[in-house]
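Peer 1: just the structure for this:
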Amino acid sequence: MKFVQSGLYAGTALSMLVSLNPAYAQSATPSTDMVSDEEIVVSGSRIQREGFDAPTPTTVIGEAELALGNRPSIAQVLNDTPQFRATSTPSTTPGNTSSGVSTADMRGLGSVRTLTLLNGHRFAGANDLNIVPQSLVKRIDVVTGGASAAWGSGAVAGVVNIILDDDFTGWRMGVQSGISSRGDMARYGADVAWGTDFAGGRGHFMVAGEYMNERGALSRDDRPNLESGLFQRADGKLELVRDPNSTQLYNGGSILGLTGAPRNLVFNPDGNIGAFPLGSVTQGVTTIGGGGQNIFDYVAVSTPYERVNLFARASYDLTDSLKVWANFSYHRMAADYSFFPETPAVVIMPDNAFLTQANRNQLAAAGVAGPFLLGRVLDDVGASGVMTFKYSRRNLEGAIGLEGSFGDGWKYDAYYNHGEIRLNQRLNNQRIKSRFTNGVDAVLVNGTPTCRINADASTTNNDPNCVPINLFGNGSISDAAAAWAFGGSHLIYTIKLDAAGASVSGQPFSTWAGPVDIAVGTDVRWEKQVTNFVDPLSLANALGTLNSSATNGSFNVKEAFAEVNVPLLDITDTLKLEVNGAARYSDYSTSGGIWSWKTGGTLRVVNDLLFRAVYSRDIRSPNITEYYLSRSTNIGSVFDPFQGPNGTVQNNVVVYGGGNANLTPEIAHTLTLGGSYSPSFVPGFRLSVDYYDIDIDNVITSVTANDILKQCFAAAPNDPTCKGTIVREANGTIGSITNGFRNLANYATQGLDIEASYRVPLGDGNLSFRALANHVFNLKINGNDVSGFVGGDTAFSTPKWRGTGTIAFDNDSFGANLRVRYVDGGLDRPLTVVNNVPVPIVNNKVGSRTYIDLGAQFKAGPFTLFGNVNNLFDRDPPITTYTSPNFDVIGRYISGGVKLSF
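Peer 2: Down below sits the predicted model:
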């Protein structure tokens, strides 16, 4: 008989299709379709040698894959790949203060466990792939296994290495636009790039600019499956229903008893009292349909943004064996949009100034005597109505480096990168708690509404500026009251990264089976966050939803690494066996020294068949937020087992989090076994299968508010999680829960990656087939398997199967592609447990979804006209309260544009 609502948190995240080269699991010499003869890059290793078989599988996303679906960011391109989870995009975090950030999250283990590199180097913008200029991306190498020994902290689930087209010459220009079939998500953008050689070919310079503006999908009215929740029926079972609304809240005010029990009376928009506009079924404090409100009614489906990217690179060959280079980039992303309304429950005294005599008569007739609670949805405050979120994120980055060779095939490189991200964000239209409380408690003095604290001039507890607030009805809050009792949080901070590295690789000697490869090097980096400004209201903890807080801190790490590859057997065209090992020592200024390592090998049989195996120890060091966060503020719903015989749900509970300077790195052990098959008798065909087993200990996390309540209720008074973490009000309800980061979790997952591709000439063009699939055997969070739970309200929700398949044809004048994306179904969420008894959900099963995408290109000289339709048949997502990281929530999307290259 309760409405179980998932928590909503306000926390403190393309080039044109000109050819179709299938992605594949890279294990041998990189395809000449993708990589020029002059460039040998093996992203899973520090060994850079033609013909080297890396033991860690790598998927290559080429120019064609980047253009499929005309996705607006690299993160969304990656999210179409089965190994990735769409954890942070404009459509998966629309009610979150990190909604402008797009990250890479491999295996669904969290984006902090996927390391992102640009041309093999760390960069400040690694946590937001919007920063990378898509028009200059040549390909993306996705290392689907642990690689900390090669690349350092964070490479637990894998590595995303974005390779730019450093040798691009000529002009590229393009414009594009798009819109959903519902008339929202309007998008338009433009890009231009120019590259040229100079000094007789010894030097090269290129510059690019991109602009993208996406208007977002701000209303859920056309997507009813995105407004749902758990409803407890009269028989005690739970059911996922559309449009559940709380009878404890109303945008004119819901009249409640002092315990919060609804009386099914509301203040209508005109301020008169009427019956609550109940829906078809009402149980407890929830009604299905009707004229009430749900906080998620106000949250965008996908948030808008405006993005600008500029990039420049210059390189020069000082000698035939030494090149110097320099990069500079600028990125700005900004948005200003409606967030969601505050929903306070306030005490109304019988002598309130704005209660009319008619109101008092109706209250008396309904048995409401004395004070009562008013549950109010504040969607009528000022011009915007609800809270609004405004942010601007700017990234400035510069890097210099050199690449050279000496002796007999020895190579060296060194680089230094400095980047700064400056974030300026505001959450406006929040209650200033004390002012709001004083303003609501108004009485009549000589017929004039006056704040009670000012009613007696002799009292010292007064505020001459207090403006009375009328909450009865919608649109009743005056502009003067809104200006006085509402304000905003404002936070400005800067993240800085300085990274430098140097390495040497070569072949010092040979064994009976061939030359031995080694690579040695060092990396150093400094990370720092400085808070530039926090508003005075936040510093006083005066705001009702989000009080910004300062996060200041820094750390540095010094590292040395080595890798060796030893051939043990080489029988021409028959057998080739190599073993590979690497180790890295990292010395952190915070937690001290720690080792990461890997060992593995490859066996190639008659050139067609490759077997590979690798076992690694990988690490992830704490980030600055986890170390030094002063306080984070979240708002959500919790199940309080202490209340009543069966417990009760309490909405809008404040959960405070914070950093921990005593954190230590996470430690993962990863086993990868697999291989690839490229039969010589079927040219153009390639198949790869890889098994992975990742086990992460010492995981840095914060116990959820519900887990805190469960642990404390389970007779664990000595559990440190319970001490001082739960603060209750005088009436026994939860005022706040305090939490923080700790090394206390274990994540583990096992699964299978499958890739197949085939390319064959057809007429005057090429016909290409490509398929990728990921099967998750299990994904265990502290021993609980969450694989197969696919609902948007389940943390780490992960389908058992995901796959994509593409068929494409391409020639000099025309191209077309058809892509099928499959997302497996499963259960929406784990069962809710009350008194150790699972409560069944009658419709917990979620069906699979298959999406069809189409693309076409028409080419005439330097011009290419292109069009795309994603989710052609407009498949709806499963019903979900908030959003879904697994299923398409936008629906059919049409985009197109024109490219010019010369």
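Peer 1: tell me which residues in stretch 265-285 are buried?
Peer 2: 265-268, 271, 273, 276-279, 281-285 (16 or more other Cβ atoms under 10 Å). Any C-beta I mention is one placed from the backbone N, CA and C, and that applies to glycine too.
Peer 1: from the residues you listed, which one has the minimum pLDDT?
Peer 2: Here the lowest pLDDT out of the buried residues of stretch 265-285 sits on residue 284, with 85.
Peer 1: tell me which of the buried residues of stretch 265-285 fall in strands.
Peer 2: 265-267, 273, 281-283 (DSSP state E).
Peer 1: can you redo those residues as CSV with distance to residue 640?
Peer 2: Formatted as CSV, those follow (distance: Cβ to Cβ, whole Å):
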residue, distance to residue 640
265, 26
266, 26
267, 28
273, 31
281, 25
282, 22
283, 19
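Peer 1: list just the nearest of those residues to residue 255.
Peer 2: residue 265 (4.3 Å; Cβ to Cβ).
Peer 1: which residue, other than its chain neighbours, is closest to that closest one?
Peer 2: Using Cβ to Cβ, 6 or more residues apart in numbering and skipping the chain neighbours, the partner closest in space to residue 265 is residue 255 (4.3 Å).
Peer 1: mind listing the strands for the stretch 801-902 of the chain?
Peer 2: Counting by DSSP state E, counting those that start in this stretch, the stretch 801-902 of the chain has these strands, from start to end: 801-810, 814-823, 826-827, 832-834, 837-839, 845-846, 849-860, 863-870, 893-901.
Peer 1: an error on my part: the question was meant for the stretch 401-550 of the chain.
Peer 2: Under DSSP E, counting those that start in this stretch, the stretch 401-550 of the chain gives strands at 410-431, 442-445, 448-451, 486-511, 514-534.
Peer 1: also the stretch 201-350 of the chain?
Peer 2: 203-214, 228-232, 238-242, 244-246, 254-256, 262-267, 273-275, 281-283, 286-288, 305-319, 322-338, 345-348.
Peer 1: out of the ones you listed, nearest to residue 502?
Peer 2: Comparing those by Cβ to Cβ, strand 322-338 comes nearest, at 14.0 Å.
Peer 1: buried residues in the closest one?
Peer 2: Result for strand 322-338 [16+ other Cβ under 10 Å]: buried residues 323, 325, 327, 329-335, 337-338.
Peer 1: my guess is the residue nearest to residue 265 meets residue 372, correct?
Peer 2: Yes - counting by Cβ atoms under 8 Å, residue 255 does reach residue 372; the two are 5.8 Å apart.
Peer 1: distance between stretch 525-542 and the chain's centre?
Peer 2: 23 Å (Cα atoms, centre = their mean, to the nearest Å).
Peer 1: check stretch 652-669 too.
Peer 2: 18 Å.
Peer 1: that stretch: which residues count as buried?
Peer 2: For stretch 652-669, the neighbour count (16+ other Cβ under 10 Å) marks 652-660, 663-668 as buried.
Peer 1: out of the residues you listed, list just those in strands.
Peer 2: 652-657, 666-668.
Peer 1: same list (those) but as TSV, adding distance to residue 807 and pLDDT.
Peer 2: Listed next are those as TSV, based on distance: Cβ to Cβ, whole Å; pLDDT from 0 to 100:
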residue	distance to residue 807	pLDDT
652	50	75
653	50	83
654	52	82
655	48	83
656	52	80
657	47	76
666	41	97
667	43	97
668	37	97
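Peer 1: reformat these as TSV; add distance to residue 220.
Peer 2: TSV is the format used below for those (distance: Cβ to Cβ, whole Å):
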residue	distance to residue 220
652	20
653	24
654	25
655	25
656	29
657	28
666	37
667	42
668	39
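Peer 1: looking at these, which two lie furthest apart in space?
Peer 2: The farthest-apart pair in these, when distances are taken by Cβ to Cβ, is 652 and 667, at 37.7 Å.
Peer 1: output the lowest mean pLDDT helix or strand found in the protein.
Peer 2: strand 3-4 (a mean of 32; mean pLDDT, DSSP states H and E).
Peer 1: how much space between the spatially most central residue of the chain and residue 695?
Peer 2: Most central in the chain under Cα atoms, centre = their mean is residue 88, positioned 1.6 Å from the mean C-alpha point. Residue 88 sits 25 Å away from residue 695, going by Cβ to Cβ, to the nearest Å.
Peer 1: re the thing from before, what would the strands of the stretch 201-350 of the chain look like in a markdown table with distance to residue 442?
Peer 2: Output for the strands of the stretch 201-350 of the chain, formatted as a markdown table (distance: least, Cβ to Cβ, whole Å):
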| stretch | distance to residue 442 |
| --- | --- |
| strand 203-214 | 44 |
| strand 228-232 | 35 |
| strand 238-242 | 39 |
| strand 244-246 | 26 |
| strand 254-256 | 18 |
| strand 262-267 | 15 |
| strand 273-275 | 18 |
| strand 281-283 | 32 |
| strand 286-288 | 31 |
| strand 305-319 | 41 |
| strand 322-338 | 28 |
| strand 345-348 | 10 |
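Peer 1: so which of these comes closest to residue 481?
Peer 2: Nearest to residue 481 among the strands of the stretch 201-350 of the chain is strand 345-348; the distance by Cβ to Cβ comes to 13.6 Å.
Peer 1: past the closest one, which element shows up next along the chain?
Peer 2: helix 357-365 (DSSP states H and E).
Peer 1: ok, and what's touching that next one?
Peer 2: 255, 265, 267, 271-273, 350, 355, 369, 372, 472 (Cβ atoms under 8 Å, 6 or more residues apart in numbering).
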